[in-house]
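A.B. asks: structure here, sequence nowhere to be found:
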Ligand code: MRU
C-alpha cells in the first residue's frame, strides 16, 4: 500500500519526498526497477534533481525547492545565501508555475523575517507549502471522483499521482479516490514519450494501489477512444493561463483533440497553485526545450543516428476550447467559465 502523506512534528513524508531537516527525494529516474533515495539538501543537488527529473511534477518541484531552502535555513545559511539559492531553484525549470509560486512565497519570508527568526520563518513557510499541497490534492480528488461513474474506463497521460505532488496527486488522485469509493475502473495509461512517465511511474503507482490498468503507447490512444473503451480523459497541468489554456506533458494537446473528435470529455485536474493569473493565454506560457538526445534514445540506448535532427519540447499547450472542465480544489469549473474568476474571452471552437 502507498503510504499517504503525513506530517509529524518534525518529519514530513510523502510517496517520493522526505524532510527531516535534510531533503530526501526518491530518484524517479530509476523507477520502477530501483527505489533509491537521494539527499537533495544542497541547492545544487536539488537543482540537478529538478532538471534531471529525479523529482518532477509541477506541485512537487515547488514543494521540493521550498524544503531545500528550509534545509539550508536549518543549517544556518545566511540571508544572502538563501536568496542566491532561491534564485537558482526558481530558474531550474521554466514551465511549471508551481515552482516559481512556491519559491516566491519563501522569498517573501526571506526578505521580511528578522535576523533572529529567519531560519524558523523559512522552515515554517516551506512546511506549510507541503501540508497545503496535501490538502489541495485531497480536495481535488473529492470533486473529481464525484464525476466518475462505476464501470468507466479512464485514459490518462504522464504521471500525476503521489510521485508528482506532496499528496495523492491531481488526475491520478481523482482516479485513486474513485477507486477507494468502490467504483470499478479501468485506467488506460499512455506511456508518455519520450521519458515514459506513464510507462514507468503511473504503472508503478497503480500497481501499488491495486487499480486495474492497461499500459498503451501514446499512439494507441485513438483506438481506445474510437472503440469507446474510455469514457473520460483525465490529465494534470503545469501552468493554466487566465483563459483556461494549459500546458501539460507533451502529447496532451493531441490527446485532447482526439478526445474531442470522439466526443469523450477531457478534464484538467490541477490546484490553484498551477493557475497563473499573469498569463493571459497559452501562447504566453514558456515551454521547456529539453535535450534532443532524450528523443533519439533512452537509458543509454540510442536507436536513431547520433546526428539525427530531433526536437524535444517537454510540454504542449491545450486550448481551453478542448477542455470539458477544470477540476480545482475549489470545485469543478466548466468550459466557458474562467479558471481565474475573470470572464474568459470568446474562443474559436475546434469542431
Ligand atoms: O516533465 P514532468 O514529468 O515534470 O511533467 C509532469 C507533467 O506534465 C504533469 O502532468 C504535471 O506536472 C501535473 S502533475 C501533478
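C.D. replies: The structure has been received and is ready for your questions. Model, not experiment: these values are computed from the prediction.
A.B. asks: residues of the stretch 151-300 of the chain that sit close to the ligand?
C.D. replies: 158, 160, 164, 165, 170, 197, 236, 237, 238, 248, 249 (C-beta under 6 Å from any ligand atom). Every residue, glycine included, has its C-beta placed from N, CA and C.
A.B. asks: for burial, what's the neighbour tally of the closest residue in space to residue 182 that isn't next to it in sequence?
C.D. replies: Nearest non-adjacent residue to residue 182, counting by C-beta to C-beta, 6 or more residues apart in numbering: residue 150, 7.9 Å away. Neighbours of residue 150 under the rule other C-beta atoms under 10 Å: 10.
A.B. asks: wait, residue 150 sits on residue 181?
C.D. replies: No: look at residue 150 against residue 181 with C-beta atoms under 8 Å: they stay out of range, at 9.0 Å.
A.B. asks: which pLDDT value goes with residue 345?
C.D. replies: At residue 345, the predicted lDDT confidence score is 46.
A.B. asks: returning to that earlier point: out of the residues of the stretch 151-300 of the chain next to the ligand, name the ones that lie in helices.
C.D. replies: Of those, none are assigned to helices by DSSP state H.
A.B. asks: wait, which of the residues you listed is closest to residue 139?
C.D. replies: The closest of these to residue 139 turns out to be residue 170 (C-beta to C-beta; 11.0 Å).
A.B. asks: give me the neighbour count for the closest one.
C.D. replies: Neighbours of residue 170 (other C-beta under 10 Å): 32.
A.B. asks: what does the domain assignment say about the protein?
C.D. replies: Listed domain ranges for the chain are 6-137, 142-350 (source: automatic domain parsing).
A.B. asks: one step back: tabulate the residues of the stretch 151-300 of the chain next to the ligand (CSV), appending distance to residue 140.
C.D. replies: As requested, these are exported to CSV (distance: C-beta to C-beta, whole Å):
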residue, distance to residue 140
158, 16
160, 10
164, 12
165, 9
170, 6
197, 19
236, 10
237, 11
238, 15
248, 15
249, 18
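A.B. asks: kindly reformat the residues you listed as a markdown table containing pLDDT and distance to residue 57.
C.D. replies: Listed next are those as a markdown table, based on pLDDT from 0 to 100; distance: C-beta to C-beta, whole Å:
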| residue | pLDDT | distance to residue 57 |
| --- | --- | --- |
| 158 | 98 | 9 |
| 160 | 98 | 7 |
| 164 | 98 | 2 |
| 165 | 98 | 6 |
| 170 | 98 | 8 |
| 197 | 98 | 9 |
| 236 | 98 | 8 |
| 237 | 98 | 11 |
| 238 | 98 | 9 |
| 248 | 98 | 11 |
| 249 | 98 | 10 |
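A.B. asks: the strands in the stretch 101-250 of the chain, which residues?
C.D. replies: Using DSSP state E, counting those that start in this stretch, the strands of the stretch 101-250 of the chain run over 153-156, 186-190, 213-216, 232-235, 239-240, 246-249.
A.B. asks: could I get the ones you listed as a markdown table with mean neighbour count?
C.D. replies: As requested, the strands of the stretch 101-250 of the chain are exported to a markdown table (neighbours: other C-beta atoms under 10 Å):
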| stretch | mean neighbour count |
| --- | --- |
| strand 153-156 | 24 |
| strand 186-190 | 22 |
| strand 213-216 | 18 |
| strand 232-235 | 26 |
| strand 239-240 | 30 |
| strand 246-249 | 30 |
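A.B. asks: can I get those strands in JSON lines with distance to residue 299?
C.D. replies: Listed next are the strands of the stretch 101-250 of the chain as JSON lines, based on distance: least, C-beta to C-beta, whole Å:
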{"stretch": "strand 153-156", "distance to residue 299": "23"}
{"stretch": "strand 186-190", "distance to residue 299": "19"}
{"stretch": "strand 213-216", "distance to residue 299": "17"}
{"stretch": "strand 232-235", "distance to residue 299": "25"}
{"stretch": "strand 239-240", "distance to residue 299": "28"}
{"stretch": "strand 246-249", "distance to residue 299": "19"}
